[in-house]
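Student: heads up, no residue letters with this:
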């Protein structure tokens, strides 16, 4: 495992190849590694800790199918990130997981996700289109707040989604697949 804050603040770190022996990336493990642009997360990793890659300069990230939850603030403030691939193994996108990832232009939320935490994508002003699948039962407060260019579609055909306060405040548009 990579322990909590193991490489936190290592501004000279530019790329990381995580060995296959690693199962858990600890809390804040690479937080504020401001020059970290490339990371390879192997399928052995089952947990990416909170704030693990907060404020790094990662461009793209492929989360392995062994991960079931993207924890609180895991990629918060990664403003250079343009895309993220969320596998179908993920059931929860934690609070502030991608908050402030202003370069993020696309994200596909798989039908395995049941919860999107508070401020999960808040301030991701580069996002233009997101579809929330029918599997999502809870969207937290301010989940997509200030995503100014975002057209969001929510599949509520099963009438099972609970939406938090100001979840879509500042979004370009929000559409329900089924009229409320």
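Tutor: Received it, and whenever you're ready, just let me know what you need. All of these numbers come straight from a predicted model, not from anything done at the bench.

Student: burial measure for residue 117, as a count.
Tutor: Applying other Cβ atoms under 10 Å, we find 25 residues neighbouring residue 117. Where C-beta positions appear, they are placed from N, C-alpha and C, glycine not excepted.

Student: thought it was touching residue 98?
Tutor: No - using Cβ atoms under 8 Å, residue 117 makes no contact with residue 98, being 10.2 Å away.

Student: what's the burial count for residue 82?
Tutor: Neighbours of residue 82 under the rule other Cβ under 10 Å: 14.

Student: do you know how far it is from residue 61?
Tutor: For residue 82, the distance to residue 61 (Cβ to Cβ, to the nearest Å) stands at 10 Å.

Student: which neighbours do those two share?
Tutor: Applying Cβ atoms under 8 Å, 6 or more residues apart in numbering, one finds that no residue jointly contacts residue 82 and residue 61.

Student: In terms of helices and strands, where is the closest residue to residue 146 other than its chain neighbours?
Tutor: Spatial nearest neighbour of residue 146, chain neighbours left out: residue 170 (4.2 Å); criterion: Cβ to Cβ, 6 or more residues apart in numbering. Assigned by DSSP states H and E, residue 170 belongs to neither a helix nor a strand.

Student: residue contacts, residue 170?
Tutor: By Cβ under 8 Å, 6+ apart, residue 170 lies in contact with 145, 146, 147, 148.

Student: For burial, what's the neighbour tally of the residue lying closest to residue 77 once chain neighbours are set aside?
Tutor: Nearest non-adjacent residue to residue 77, counting by Cβ to Cβ, 6+ apart: residue 55, 4.1 Å away. Residue 55: 19 surrounding residues under other Cβ under 10 Å.

Student: what's the spacing between residue 55 and residue 83?
Tutor: For residue 55, the distance to residue 83 (Cβ to Cβ) stands at 18 Å.

Student: now residue 100
Tutor: Per Cβ to Cβ, residue 100 is found 16 Å from residue 83.

Student: One more: residue 61?
Tutor: Distance of residue 61 to residue 83, given as Cβ to Cβ: 8 Å.

Student: between those two, which one's more packed in?
Tutor: Legend: neighbour count by other Cβ under 10 Å for residue 61 and residue 83, higher for residue 61 (21 against 15).

Student: so where's this structure uncertain?
Tutor: The chain contains residues with pLDDT under 70 at 179-180.

Student: how much space between the residue nearest to residue 77 and residue 99?
Tutor: Between residue 55 and residue 99 the computed distance is 11 Å (Cβ to Cβ).

Student: which residues do those two both contact?
Tutor: Residues touching both residue 55 and residue 99 (Cβ under 8 Å, 6+ apart): 76, 77.

Student: where does stretch 30-41 sit relative to the chain's centre, distance-wise?
Tutor: In terms of Cα atoms, centre = their mean, to the nearest Å, the centre of stretch 30-41 is set 15 Å apart from its chain centre.
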